[in-house]
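*Asks:* based on what follows, work out the 3D shape:
(2 chains)
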Amino acid sequence: QQQVKQSPQSLIVQKGGISIINCAYENTAFDYFPWYQQFPGKGPALLIAIRPDVSEKKEGRFTISFNKSAKQFSLHIMDSQPGDSATYFCAASYKAAGNKLTFGGGTRVLVKP
Amino acid sequence: DAGVTQSPTHLIKTRGQQVTLRCSPKSGHDTVSWYQQALGQGPQFIFQYYEEEERQRGNFPDRFSGHQFPNYSSELNVNALLLGDSALYLCASSQDSTGELFFGEGSRLTVL
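*Replies:* Sure thing, here's the model as predicted:
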């Protein structure tokens, strides 16, 4: 059962543009929503994370927007750079499960120079 | 400070064989989790080890088993390999079961 649905599967953006990736979840018990970045041949690395007590969190060029009522959250990459070309995964977990993560299917982002 | 290290990086097995993958956690971490990442998909949780015991388990058959040693390193064993077991197997460590996960680069298993 896929509990976290991610879209789009892939996107191409010009350098300097905005990349937007969306995720929707089903389990209302989820209370931690991280985003991971994965380069080819590497393991996923934590990029930014949010908890449902805030609607937005910004770290540098990366912003998470969270909509609890819609059970959706999204990642915005501002001023996209070629070095941002990677696969991005949203994930979710809940307190009782500790740091056991349920991942979305991933979005492959290509930033063209 | 070494991060999470996994071995081997690549391996090829045939159907029905058994495989053992190894993981050394990041220094200071005591909890190890294993994930399976099929090509083009997100990682799926297999199980988590803490204090040498399996603490949580995902929806994987008993062919998947693991172990954690006193030095916190861990092994993932898969018996009776199927073609569908071909995937990248990721190890992640954390400081207890609530800390941030740090992933290794994975072991790429191909089953022929």
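
*Asks:* need the CA coordinates for stretch B:71-87. CSV is fine.
*Replies:* C-alpha atoms of stretch B:71-87 as CSV (Å, rounded to 0.1, in the frame of the first residue of the first chain):
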residue,chain,number,x,y,z
ASN,B,71,29.7,-3.0,17.9
TYR,B,72,26.4,-1.9,16.3
SER,B,73,27.4,-3.1,12.8
SER,B,74,24.7,-5.1,11.0
GLU,B,75,24.1,-7.7,8.4
LEU,B,76,21.2,-8.3,6.1
ASN,B,77,20.7,-11.9,4.9
VAL,B,78,18.4,-12.9,2.0
ASN,B,79,17.7,-16.6,1.4
ALA,B,80,16.3,-18.3,-1.7
LEU,B,81,16.9,-15.3,-3.9
LEU,B,82,14.2,-14.3,-6.5
LEU,B,83,14.6,-12.2,-9.6
GLY,B,84,12.5,-9.6,-7.8
ASP,B,85,15.1,-9.2,-5.1
SER,B,86,17.3,-7.3,-7.5
ALA,B,87,17.6,-3.8,-6.0
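
*Asks:* burial count for A:K5?
*Replies:* 14 (other Cβ atoms under 10 Å in any protein chain shown). Placement of C-beta: from N, CA and C, glycine included.

*Asks:* ditto for B:R55
*Replies:* 16.

*Asks:* give the contact list for it.
*Replies:* For B:R55, the contact set (Cβ atoms under 8 Å, 6 or more residues apart in numbering or on different chains) comprises A:98, B:31, B:47-49, B:97.

*Asks:* what's the spacing between it and B:G66?
*Replies:* Separation of B:R55 from B:G66 (Cβ to Cβ, to the nearest Å) stands at 11 Å.

*Asks:* ok, now A:P82?
*Replies:* Distance, A:P82 to B:G66, using Cβ to Cβ: 39 Å.

*Asks:* who has more neighbours out of the two?
*Replies:* B:G66 (21 against 10).

*Asks:* thought B:V78 was touching that one, still the case?
*Replies:* No: B:G66 is beyond contact range of B:V78, at 9.8 Å (criterion: Cβ atoms under 8 Å).

*Asks:* that older thread, so can I have CSV of the contacts of B:R55 showing pLDDT?
*Replies:* As requested, those are exported to CSV (pLDDT from 0 to 100):
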residue, pLDDT
A:G98, 78
B:T31, 94
B:F47, 96
B:Q48, 95
B:Y49, 95
B:S97, 77
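
*Asks:* between those residues, which is nearest B:G40?
*Replies:* B:F47 (23.0 Å; Cβ to Cβ).

*Asks:* so how many other residues sit close to the closest residue to that closest one other than its chain neighbours?
*Replies:* Among residues not flanking B:F47 along the chain, B:R57 sits closest, at 4.5 Å (Cβ to Cβ, 6 or more residues apart in numbering or on different chains). Using other Cβ under 10 Å, B:R57 has 14 neighbouring residues.

*Asks:* mind checking pLDDT for B:R57?
*Replies:* pLDDT recorded at B:R57 is 95.

*Asks:* which residues are in contact with it?
*Replies:* Listed by Cβ under 8 Å, 6+ apart, the contact set of B:R57 reads B:46-48.

*Asks:* what bridges to the most centrally placed residue in chain B?
*Replies:* Chain B has B:W34 as the residue nearest its centroid, 3.4 Å off, counting by Cα atoms, centre = their mean. Beta-bridge pairing of B:W34 under DSSP bridges involves B:F47, B:C91.

*Asks:* good, we can wrap up now.
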